[in-house]
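Asker: got a sequence here, can you model it:
(2 chains)
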Amino acid sequence: MSYDPSYRRPPRQDRWPNATPREPWPAYSGADAYQETAAYRGWREVADGYQGAGFQDSGYQDGGYQGAGYQGAGYQGAGYQGTAYQGAAYQDSGVDGYWNGNGHDRDNGYDRSYGYGGVATDYGDAWEGGYGGYGPQDGQDGYAGAANHYAGTDLAEYIEPTPTGALLVAPDTVAGLPIRSRGRERAPRGGILAGAVTGFLAAAVSIGAATLAAAFVRPQADPVIAVGGAFIDRTPSAVKNFAVEHFGENDKTVLLLGMYVGIAVLAMVIGCLARRNAAIGVGGVAAFGLFGAFVAITRPESQPTDVVPSVIGGLAGIVAFAWLAWAASPVAPTAAVVRHTRAGGHRRAW
Amino acid sequence: MSTTVDRRKFLAAAAGTAVTAAAAGVGGELLISKRFRVNTSTVTLAPPVSTPKPLPSGGMVNIPGLSPFFTPDAQFYRVDTALVLPVIPASAWKLNIHGMVDHPMTITFDELMKMPMIEHDVTLTCVSESVGGPYIGNARWEGTLLANVLRRAGIQPGADQIVMRDTTGMTIGVATQPVMDGRAAMLAVGMNGVPLPQGHGFPVRVVVPGLYGYVSACKWVVDMELTTFGAFDAYWVKRGWSAQGPIKTESRIDVPKVGASLTPGKVAIAGVAWAQHRGIAAVEVNVDGTWYRAKLAAQDTIDTWRQWYYFWDATPGTHTIKVRATDQTGYTQTAVVHKTEPNGATGYHTIQVAVT
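Answerer: Numbering: from 1, shown residues only, chains lettered A, B, ... in the order given. The predicted structure follows:
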């Protein structure tokens, strides 16, 4: 299967614990492990051979890993045995050697087989450390160069999985591709109602405060009145005629009622959206206020002080929203609770 | 998890904000209604130098369901774009006259009240008055002739439009000619014997007999600019309505109501007819295809509507009733049905009734 890493990001390490074999897992994580094993010493001895021909030209098969080094150290015994390493990569890699041939090549080798890629996060660290240790050793030029190459091309993916990195899937979860994007965790149930109520009440406080402020400026400065007036001025004649003929002199009442309903619906939608990101709620209320202020001072015969009710209304709405959002947020759960929740448990939002 | 605590906390906060919002909103509205309601009783109308002749006997017909000759203030139609009524204390009112005039001038309310006041009965009609619609009302207006004020400013030749503005940015463009031709176009300060209600333009509005309101009846007027129709399109003209709007000769059936169930015998068919500044000459009622001459109330002025009635000997069955008016120029209203846009609806008001 092909795999485009540009839109799939590797899962977090803790999302696929199965990638890590129970045991035994070779002690890659430090150079010490290598140095203490006989395998390492054996490999180093063989490495001279690599420099000359083996590594680049004839690859591992001749005298490399299988012969002395890795096999003894437990590569085959544990990690590599899984899928990729043995199956496609090292053993088959003949002429082209490590990089472009069957081994590291993304299409044929580690990545595609998922095996090597799967363990890459830890593995990359291990390689880095390991090679760092090998570097000073005699006759490691070829290998060190290879290691650099490794770092230059693939290492970035291996060591620090980034959103554009290579596939990092445990060998035993290939079929399922249990990849989930960050931030798509389900919102707590019941949050929709709380969000709608939060948005509605924040809007109500905003409008109420604006009305109160307008009482000290002038009624036309009320943002709802100002926007309603602007709406009247921009209403097509057909709609206006319809309103006059069907609602008569209640047309203004109907208009204001419609505006209040529209604001309420919009506020409830924003309130729901703001459950996950409070900035949406704050921004929504602020946008309401700014829009009202803009309309109020661009009305004909407006005065500069006409912005005051909108600004006060917006600020009051933000405060109300923040308070309600805080009240609707659950008590900070402990890590254990979070884990329990993510593992399928449920908790009530409010 | 402490679900109970969360819920209680949120509900408490919600209740708190709800109460806050309601208190602020209701308090604000109360404060607004207290602070921004003008006291029209601060204005004392001066006795007019010219009062209308007493209504001729038979000028008013009293048939149940028929529109009264003078429309009560509470029932007088109000069509405007002001979501909030403008508040202009009479003491702060000024009318600024500028544009194509020799002497741009400003007149205060006190100065206006010192000018000779007249009283005149004028029926106002909205251009949105569809056939048989409600947007028409008759009142006795008190004010001073607008022509006298404009003559002091000195209208320059070619100024064929007066653009009037209120305090909300509304612009009403009225033709100069009908204002200056001697009809009772006035700056009105009183309506039916009392200062103008706030919803009808306190402290000063314009009334021009014979023109639809959208091209004449500027409420809360504070500014007049003499200009031309070529130079400026007023608010409604920008929105597709005609620049000039003389009121069309029309008539309406008030009783019986549409779909009324009647008993056989003598049934009053009654209504109003109007052709302001031309005057109504005749009204005819059509029952099932036959025209009958209706009786007219005596004419007050040519600027008012006239009530009419016809006693019909109803027979069982379903009947169609129409009405048409003829004005004093001899023009009979057209049967062609037209919507209100762009300069007023036409057609016969037609109703159907069942007699059982």
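Asker: how about the strands in the stretch 101-250 of chain B?
Answerer: Listed in chain order, the strands of the stretch 101-250 of chain B (DSSP state E, counting those that start in this stretch) span B:105-108, B:118-125, B:136-145, B:161-165, B:171-175, B:186-191, B:194-195, B:205-207, B:223-227, B:250-255.
Asker: avg pLDDT for the shortest one?
Answerer: This means strand B:194-195. Averaged across strand B:194-195, pLDDT comes to 93.
Asker: what do you get for the longest one?
Answerer: Per-residue confidence for strand B:136-145 averages out to 96 on the pLDDT scale.
Asker: domain parsing for chain A?
Answerer: A:13-173, A:191-342 (automatic domain parsing).
Asker: now the strands of the stretch 101-250 of chain B in JSON lines, with mean neighbour count and distance to residue A:307?
Answerer: In short, each C-beta sits where N, CA and C put it, glycine included. What follows is the strands of the stretch 101-250 of chain B, written out as JSON lines (neighbours: other CB atoms under 10 Å in any protein chain shown; distance: least, CB to CB, whole Å):
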{"stretch": "strand B:105-108", "mean neighbour count": "16", "distance to residue A:307": "29"}
{"stretch": "strand B:118-125", "mean neighbour count": "24", "distance to residue A:307": "37"}
{"stretch": "strand B:136-145", "mean neighbour count": "23", "distance to residue A:307": "37"}
{"stretch": "strand B:161-165", "mean neighbour count": "25", "distance to residue A:307": "23"}
{"stretch": "strand B:171-175", "mean neighbour count": "23", "distance to residue A:307": "24"}
{"stretch": "strand B:186-191", "mean neighbour count": "25", "distance to residue A:307": "34"}
{"stretch": "strand B:194-195", "mean neighbour count": "17", "distance to residue A:307": "34"}
{"stretch": "strand B:205-207", "mean neighbour count": "24", "distance to residue A:307": "30"}
{"stretch": "strand B:223-227", "mean neighbour count": "22", "distance to residue A:307": "24"}
{"stretch": "strand B:250-255", "mean neighbour count": "23", "distance to residue A:307": "46"}
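Asker: who touches residue A:307 in this structure?
Answerer: Each residue near residue A:307 by CB atoms under 8 Å, 6 or more residues apart in numbering or on different chains is listed here: A:221, A:293, A:296-297.
Asker: run through chain B and note the low-pLDDT ranges.
Answerer: Scanning chain B with the threshold set as pLDDT under 70 gives B:1-5.
Asker: and if we set it to 90?
Answerer: Applying pLDDT under 90 to chain B flags residues B:1-10, B:33-63, B:73-74, B:80-81, B:83-84, B:168-169, B:257-261, B:341, B:356.
Asker: for chain A, give me its nearest residue in it.
Answerer: Closest residue of chain B to chain A, CB to the nearest CB: residue B:169 (2.3 Å).
Asker: you'd agree that residue is up against residue A:230?
Answerer: No: with contact defined as CB atoms under 8 Å, residue B:169 does not count as touching residue A:230 (10.5 Å).
Asker: so which residues on the stretch 151-300 of chain A come close to chain B?
Answerer: Contact residues, the stretch 151-300 of chain A versus chain B (CB under 8 Å from any CB of the partner chain): A:194, A:197-198, A:201-202, A:204-205, A:207-216, A:218-220, A:222, A:225, A:228-229, A:232-233, A:237, A:240-241, A:244-245, A:248-249, A:252, A:255-256, A:299-300.
Asker: out of the residues you listed, which end up buried?
Answerer: Burial by neighbour count, judged by 16 or more other CB atoms under 10 Å in any protein chain shown, picks out A:194, A:197-198, A:201-202, A:204-205, A:207-215, A:218-220, A:222, A:225, A:228-229, A:232-233, A:240-241, A:244-245, A:248, A:252, A:255, A:299 from those.
Asker: in stretch B:242-250, what counts as buried?
Answerer: Within stretch B:242-250, the residues that count as buried by 16+ other CB under 10 Å are B:242-250.
Asker: quick one: name the residues of the stretch 251-356 of chain B near chain A.
Answerer: Where the stretch 251-356 of chain B comes near chain A, counting by CB under 8 Å from any CB, the residues are B:339-341.
Asker: turn the residues you listed into CSV, including distance to residue B:86 and secondary structure.
Answerer: Rendered in CSV, the data for these read as follows (distance: CB to CB, whole Å; DSSP: H, G, I helix; E, B strand; the rest coil):
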residue, distance to residue B:86, secondary structure
B:339, 30, coil
B:340, 26, coil
B:341, 27, coil
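Asker: quick check: residues of the stretch 51-200 of chain B near chain A?
Answerer: Residues of the stretch 51-200 of chain B lying near chain A (CB under 8 Å from any CB): B:77-79, B:81-84, B:87, B:128, B:130, B:133-135, B:167-170.
Asker: nearest to chain B: which residue in chain A?
Answerer: In chain A, the residue that lies nearest chain B is residue A:300 (2.3 Å; CB to the nearest CB).
Asker: give me the pLDDT value at that residue.
Answerer: Note for residue A:300: predicted pLDDT of 86.
Asker: could you say which helix or strand contains it?
Answerer: Here residue A:300 sits in a region with no helix or strand, counting by DSSP states H and E.
Asker: before we move on, back to that, least confident of the domains of chain A, on average?
Answerer: domain A:13-173 (a mean of 43).
Asker: quick one: residues contacting the spatially closest residue to residue B:43 that is not a sequence neighbour.
Answerer: Among residues not flanking residue B:43 along the chain, residue B:195 sits closest, at 4.1 Å (CB to CB, 6 or more residues apart in numbering or on different chains). The contact partners of residue B:195, by CB under 8 Å, 6+ apart, come to B:40-41, B:43, B:45, B:189, B:202-203.
Asker: closest to residue B:219 out of these?
Answerer: Set against residue B:219, the nearest of these by CB to CB is residue B:202 (8.4 Å).
Asker: sorry, back to before: out of the buried ones among the residues of the stretch 151-300 of chain A next to chain B, which sit inside helices?
Answerer: Counted as lying in helices by DSSP state H, out of these, are A:194, A:197-198, A:201-202, A:204-205, A:207-214, A:225, A:228-229, A:232-233, A:240-241, A:244-245, A:252, A:255.
Asker: quick one on the thing from earlier: name only those of the contacts of residue B:195 that count as buried.
Answerer: The neighbour count (16+ other CB under 10 Å) marks B:40, B:43, B:45, B:189, B:202-203 as buried among the contacts of residue B:195.
Asker: how about these, which pair is most distant?
Answerer: Greatest spacing in the buried ones among the contacts of residue B:195, by CB to CB: B:45 and B:202 (12.2 Å).
Asker: can you tell me the closest non-neighbouring residue to residue A:199?
Answerer: Nearest residue to residue A:199, sequence neighbours excluded (CB to CB, 6+ apart): residue A:271, at 2.1 Å.
Asker: where's that neighbour, which helix or strand?
Answerer: Counting by DSSP H and E, residue A:271 is part of helix A:251-273.
Asker: and the contacts of that helix?
Answerer: Residues outside helix A:251-273 that contact it (CB under 8 Å, 6+ apart) are A:191-192, A:195-200, A:202-203, A:207, A:224, A:227-228, A:231-232, A:243-244, A:247, A:280-281, A:284-285, A:288, A:321, B:83.
Asker: buried set for that helix?
Answerer: Buried-residue list, helix A:251-273, by 16+ other CB under 10 Å: A:251-252, A:255, A:259, A:263-264, A:267-268, A:270-272.
Asker: count the residues that sit near the nearest residue to residue B:222 once chain neighbours are set aside.
Answerer: With sequence-adjacent residues excluded and distances taken as CB to CB, 6+ apart, residue B:222 is closest to residue B:167, at 5.7 Å. The number of residues packed near residue B:167 is 18, by other CB atoms under 10 Å in any protein chain shown.
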